[in-house]
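K.L.:
task: produce atomic coordinates for the following.
(one chain, ligands or ions: 1)
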Amino acid sequence: MSKINENFLNLQESYLFSTVAKKVAKYTEENPDKKVIKLGIGDVTRPIVPACIEAMHKAVDEIGTEEGFKGYGPEQGYEFLRNAIVENDYKTRGIEIKPDEIFVSDGAKCDCGNIVDIFAKENKVAITDPVYPVYLDTNVMSGRSGKYNKETDTYENIVYLPVTAENNFKPELPKEKVDLIYLCFPNNPTGTVLTKEDLKVWVDYAKENNSIILYDSAYERFITEKEIPHSIYEVEGAKDVAIEFKSYSKTAGFTGVRCAYVVIPKTVKGYTNTGEAVELNKLWNRRTCTKFNGVSYIVQRAAEATYTEEGQKQIQENINYYMNNAKIIKQGLEEAGFTVYGGVNSPYVWLKVPEGITSWEFFDKLLEEVNVVGTPGSGFGPHGEGYFRLTAFGTKENTEKAIERIKNWKNG
Ligand code: MLT
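P.N.:
As a prediction, this is how the structure comes out:
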């Protein structure tokens, strides 16, 4: 008899964005005349920039020749891309990362999800609350959580670190000792950021407790305020305790193209049961070689092209476009009388739903009464209740329309 991994039965019925998509599909099927605007899942709408398209065309032509053909590439990514990452994403910020500390992949979602493979089941995991659901779900799947408690909407054995308006969206250090700490800044879903000083507290904690910080900085390119760190390695000591996840999905519109990378400095160590230190880089490399055959050459050439002068200019234009949407959303909602967070260093705007209704009730009302889709805060965790997320990744036209509809509705 084949036995299943019963941890899967401990998961909530459906992944948050699938639930949202299902609800929207049902509504549009029943109301075919309604023009629904989707500002729910953070999926980009701007086309891939010309510098990347040209690089892909060139790569396609190349692999069609005897000399240029490519079979399996290095599992960890081609040297040209790893070098470009070192030079452009790290050296320019005064951070020294070596090419063999970088692993190119097909997405930060997969990386954040797969990283659990190299950690023992008994590690105590801390997540911020609300949180990008992948960190929690993948730990539930791999048996690192206890049972789900419907009353509190939490799992046993997971440490939840609230990030709400009450603590200015800055997670406090856990009261009990934790081993793996997921941090995502600029934050998804709240759109808020931490300063270097804020992050230093976490790095110091991790050093003191031999913990590892899993730092998701998929949205760093959207930071507009100078003093906000783009990488956790800007913080002294982080290279001993942090793994960093980066992605081209939002930076360069690669949600469909697929490319990202993980940084695991060789100085980051985990421990055996007998207390022996082991380089996590080695374990991840071993895992990568076994389970992955690399990102396609064509896509890696496109990622490399994001670092050319033209590429940088073009992707920045798209980022400015989205950040202008963020401004439209933030200002419009404020004018309508909502309390709003995020949207300054992030493409996500996090708003407080009106008193007396839940995040899901607000979702339904917005969908049914003004045909705008967002993401209910409680879908990201219990402390997301009472909040709602809108993304700036829509088109400008749709963003303006959606905000106009919300304004008229709220004030009508
Ligand atoms: C989101 O909407 O939170 C993101 O698009 C999801 C993702 O990046 O996987």
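K.L.:
quick one: the helices in the stretch 101-250 of the chain?
P.N.:
Taking DSSP state H, counting those that start in this stretch as the criterion, the stretch 101-250 of the chain contains helices spanning 108-114, 133-141, 196-209.
K.L.:
alongside the ligand, which residues does the protein contribute?
P.N.:
41-43, 109, 132, 188 (CB under 6 Å from any ligand atom). Every C-beta, even on glycine, is put in place using the N, C-alpha and C of the backbone.
K.L.:
looking at the residues you listed, which one is closest to Glu197?
P.N.:
Among the residues of the chain next to the ligand, Asn188 lies closest to Glu197 (CB to CB), at 21.8 Å.
K.L.:
for that closest one, which non-adjacent residue is spatially closest?
P.N.:
Tyr132 (4.8 Å; CB to CB, 6 or more residues apart in numbering).
K.L.:
in contact with the one you found, which residues are there?
P.N.:
112, 184, 188-189, 216, 380 (CB atoms under 8 Å, 6 or more residues apart in numbering).
K.L.:
excluding chain neighbours, what is closest to the residue nearest the centre of the chain?
P.N.:
For the chain, the residue nearest the mean C-alpha position is Ala218 (5.0 Å; CA atoms, centre = their mean). Leaving aside its chain neighbours, Ala218 sits nearest to Ser247 (4.2 Å; criterion: CB to CB, 6+ apart).
K.L.:
report pLDDT for the one you found.
P.N.:
As predicted, Ser247 sits at a pLDDT of 98.
K.L.:
touching, it and Gly107? I think so.
P.N.:
Yes. Counting by CB atoms under 8 Å, Ser247 sits close enough to Gly107 to count as a contact (6.7 Å).
K.L.:
quick check: phi and psi on Gln314?
P.N.:
Main-chain torsions, Gln314, degrees, to the nearest 10: phi -70, psi -40.
K.L.:
most neighbours, which of the contacts of Tyr132?
P.N.:
Among the contacts of Tyr132, Pro189 has the most neighbours (other CB atoms under 10 Å), with 30 neighbours.
K.L.:
need the CA coordinates for stretch 326-338. PDB is fine.
P.N.:
Output of stretch 326-338 as PDB, limited to C-alpha atoms (Å, rounded to 0.1, in the frame of the first residue of the first chain):
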ATOM      1  CA  ALA A 326       1.400  52.400  -6.100                       C
ATOM      2  CA  LYS A 327       1.200  56.200  -5.600                       C
ATOM      3  CA  ILE A 328      -2.200  56.400  -7.400                       C
ATOM      4  CA  ILE A 329      -3.500  53.600  -5.200                       C
ATOM      5  CA  LYS A 330      -2.100  55.000  -1.900                       C
ATOM      6  CA  GLN A 331      -3.200  58.600  -2.600                       C
ATOM      7  CA  GLY A 332      -6.600  57.600  -4.000                       C
ATOM      8  CA  LEU A 333      -7.400  55.400  -1.000                       C
ATOM      9  CA  GLU A 334      -6.200  58.100   1.400                       C
ATOM     10  CA  GLU A 335      -8.500  60.600  -0.300                       C
ATOM     11  CA  ALA A 336     -11.300  58.000   0.100                       C
ATOM     12  CA  GLY A 337     -10.700  58.000   3.800                       C
ATOM     13  CA  PHE A 338      -8.800  54.700   4.200                       C
END
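K.L.:
in that stretch, what counts as buried?
P.N.:
Buried residues in stretch 326-338, counted by 16 or more other CB atoms under 10 Å: 326, 328-330, 332-333, 336, 338.
K.L.:
which residue ranges of the stretch 1-150 of the chain form strands?
P.N.:
Along the stretch 1-150 of the chain, the segments classed as strands by DSSP state E, counting those that start in this stretch run 37-38, 102-105, 125-129, 148-149.
K.L.:
how about JSON lines for these, with mean pLDDT added?
P.N.:
Below are those laid out as JSON lines (pLDDT from 0 to 100):
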{"stretch": "strand 37-38", "mean pLDDT": "96"}
{"stretch": "strand 102-105", "mean pLDDT": "98"}
{"stretch": "strand 125-129", "mean pLDDT": "98"}
{"stretch": "strand 148-149", "mean pLDDT": "95"}
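K.L.:
mean neighbour count added to the ones you listed, as a markdown table?
P.N.:
Formatted as a markdown table, those follow (neighbours: other CB atoms under 10 Å):
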| stretch | mean neighbour count |
| --- | --- |
| strand 37-38 | 20 |
| strand 102-105 | 24 |
| strand 125-129 | 24 |
| strand 148-149 | 14 |
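K.L.:
save those as TSV, and put in distance to Asn345 too.
P.N.:
As requested, the strands of the stretch 1-150 of the chain are arranged in TSV below (distance: least, CB to CB, whole Å):
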stretch	distance to Asn345
strand 37-38	23
strand 102-105	24
strand 125-129	16
strand 148-149	33
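K.L.:
which residues do Ser247 and Gly107 both contact?
P.N.:
Listed contacts common to Ser247 and Gly107 are 259-260; contacts here mean CB under 8 Å, 6+ apart.
K.L.:
of the two, which one has the most company?
P.N.:
Set side by side, Ser247 and Gly107 show more neighbours around Ser247, with 26 against 21, by other CB under 10 Å.
K.L.:
minimum distance to Thr375: which of the strands of the stretch 1-150 of the chain has it?
P.N.:
Nearest to Thr375 among those is strand 37-38 (10.2 Å), distances taken as CB to CB.
K.L.:
and that closest one, what does it pack onto?
P.N.:
strand 372-373, helix 396-411 (3 or more CB pairs under 8 Å, 6 or more residues apart in numbering; DSSP states H and E).
K.L.:
pLDDT of the strand or helix carrying Leu390, averaged?
P.N.:
Taking DSSP states H and E as the criterion, Leu390 maps to strand 387-391. Computed over strand 387-391, the mean pLDDT rounds to 98.
K.L.:
I'd like to know how many residues surround the closest residue to the ligand within the stretch 201-350 of the chain.
P.N.:
At 6.2 Å from the ligand, Ser249 is the closest residue in the stretch 201-350 of the chain, using CB to the nearest ligand atom. Neighbour count for Ser249, taken as other CB under 10 Å: 22.
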